[in-house]
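Colleague: Got a predicted model here, sequence first, then my questions.
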Amino acid sequence: MVLLRDIAKIAGVSPSTVSRVINNSAQVKADKRQRVMEAIQKTGFVPNELARSFYNNSAKIIGVISPDIDNPFFNDVVNAIEKEIYRMGYRMMMFFVNGDMEKLRSAINILETLQAEGIILMSNAEDVQEAFNNSTTPVVVFDREAKNSKEFLYIHSNNYEGGRIAAEHLIHCGCKNLIHIKGPQKLSVARDRFGGYCDGCSKYHIEIKSLESDYTFESGREAGQDILRLYSDVDGIVAANDIVAVAVMKELQCGGKRIPEDVQIIGFDDIELSQIMNPELTTIRQHVSDMGKVAIQAIIDHKERKEKSKEIVFSVELVERGSTRKKKSDEDSKI
């Protein structure tokens, strides 16, 4: 039998820290929480308190599975979901799987054992439905498409519209040489954003250029270096997300480019970091708080056997800041 002190030893933390993680205390650092959750997944440990709730059919647990703790967008989503979960009188059990299918299966098994009310899945992998083949727990897939799967709700922003709005905003600002640093094309959200970007450019007869990256700062730095080396005439950039946009902006500035005078740039997500850059980052805002509320309500509706949708799409919003601005025309310059 696995005990709490065994989990503490594996995770390299104190038993009291394990207890705080189990009880979802906010006073645990993210790295320690991650180690504890990995130890729980590895051992199949079921806390006594949750086991008692399970047998009494009163656990009221909602599982949240996230790719990682490094991407601020996922942190924003988790915070929004957490607030709604506790507001509705439920408890959250958090798992970080970072694309590891074994970790994902382990998380699902734990939540199944505890008879969780539902699972909210955020994934950086496209093909995750295999892990849910034998699951009977309702699943909300958040910001990723899972075709032909058993999930009862796919919830996401209108990524196509976001890509189109971003491209057209730069064009209306006077940019003529655009490039899109697109996310991994294995992901539906990245494909949709790129599709919107392409249609926005085509509408105004702008040549379509792109680079592919992932959603990390390091990938953004590499993309910025590639732009300086291969696309020095670019005057407008649509980035895969805000993290990539920030990294590209820093690389261009180090390379002597002025933002927005020489190059204008727009991100995606509207994370907090976008507002503390110099200049502040223009971006496409996703309404994560509203999305989190709908995700929780969908699980509750499923429990109450209410009629449910298969897909809910949220609008996006252009947030204009200092990294883009309308260029002065020749006529304006003469005044």
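Modeller: Looks like it arrived, so ask away.
Colleague: Please count neighbours and contacts with C-alpha atoms only from this point.
Modeller: OK.
Colleague: how does the protein divide into domains?
Modeller: For the chain, automatic domain parsing gives the domain ranges 4-156+288-314, 159-286+318-326.
Colleague: Least confident of those, on average?
Modeller: The weakest mean pLDDT among the domains of the chain belongs to domain 4-156+288-314, with a mean of 79.
Colleague: Where do the strands of the stretch 1-150 of the chain begin and end?
Modeller: Assigned by DSSP state E, counting those that start in this stretch, the stretch 1-150 of the chain shows strands spanning 61-66, 91-96, 118-121, 139-142.
Colleague: residues in contact with the first one?
Modeller: In this case it means strand 61-66. Residues outside strand 61-66 that contact it (Cα atoms under 8 Å, 6 or more residues apart in numbering): 74, 78, 85, 90-98, 104, 107, 111, 114-123.
Colleague: Emit the ChimeraX select command for whichever of those residues are buried.
Modeller: Buried residues within those, by 16 or more other Cα atoms under 10 Å, are selected in ChimeraX with:
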select :74,78,85,90,91,92,93,94,95,96,97,98,104,107,111,114,115,116,117,118,119,120,121,122,123
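Colleague: if we can go back for a sec, mind checking the strands of the stretch 1-150 of the chain for the one nearest to residue 199?
Modeller: Distance to residue 199, taken as Cα to Cα, is lowest for strand 139-142 among the strands of the stretch 1-150 of the chain, at 25.1 Å.
Colleague: before we move on, the earlier item: if you compare the domains of the chain, which one is most tucked away?
Modeller: domain 159-286+318-326 (a mean of 20; mean count of other Cα atoms under 10 Å).
Colleague: Endpoints of it, how far apart?
Modeller: From its first residue to its last, domain 159-286+318-326 covers 24 Å (Cα to Cα, to the nearest Å).
Colleague: Please report how far the residue nearest to residue 94 when sequence neighbours are not counted lies from residue 218.
Modeller: With sequence-adjacent residues excluded and distances taken as Cα to Cα, 6 or more residues apart in numbering, residue 94 is closest to residue 64, at 5.0 Å. In this view, residue 64 and residue 218 are 27 Å apart by Cα to Cα.
Colleague: residues contacting residue 144?
Modeller: 122, 123, 126, 154, 155, 156, 187, 188, 189.
Colleague: what are the phi and psi angles of the closest residue to residue 206 other than its chain neighbours?
Modeller: Leaving aside its sequence neighbours, residue 206 sits nearest to residue 176 (Cα to Cα, 6+ apart; 6.8 Å). Phi and psi for residue 176, reported as degrees, to the nearest 10, are phi -120, psi -20.
Colleague: Was I right to think residue 176 contacts residue 235?
Modeller: Yes. The criterion here is Cα atoms under 8 Å, and residue 176 meets it with residue 235 at 6.8 Å.
Colleague: Identify the contacts common to those two.
Modeller: Shared contacts of residue 176 and residue 235, defined by Cα under 8 Å, 6+ apart, are absent.
Colleague: related to what we said a few turns ago, which members of the contacts of residue 144 are positioned in helices?
Modeller: Among the contacts of residue 144, the residues falling in helices (DSSP state H) are 188, 189.
Colleague: now, which of the contacts of residue 144 sits nearest residue 302?
Modeller: The shortest approach to residue 302 among the contacts of residue 144 belongs to residue 154, at 13.7 Å (Cα to Cα).
Colleague: Can you name the residues bridging to that closest one?
Modeller: Residues in a beta bridge with residue 154, per DSSP bridges, are residue 141, residue 311.
Colleague: where's it relative to residue 300, distance?
Modeller: 15 Å.
Colleague: Please enumerate the helices of the stretch 201-335 of the chain.
Modeller: Under the criterion DSSP state H, counting those that start in this stretch, helices of the stretch 201-335 of the chain are mapped to 217-230, 242-254, 288-303, 330-334.
Colleague: cool, the stretch 1-150 of the chain as well?
Modeller: According to DSSP H, counting those that start in this stretch, the helices that the stretch 1-150 of the chain contains are 4-11, 15-22, 30-43, 48-55, 72-87, 101-113.
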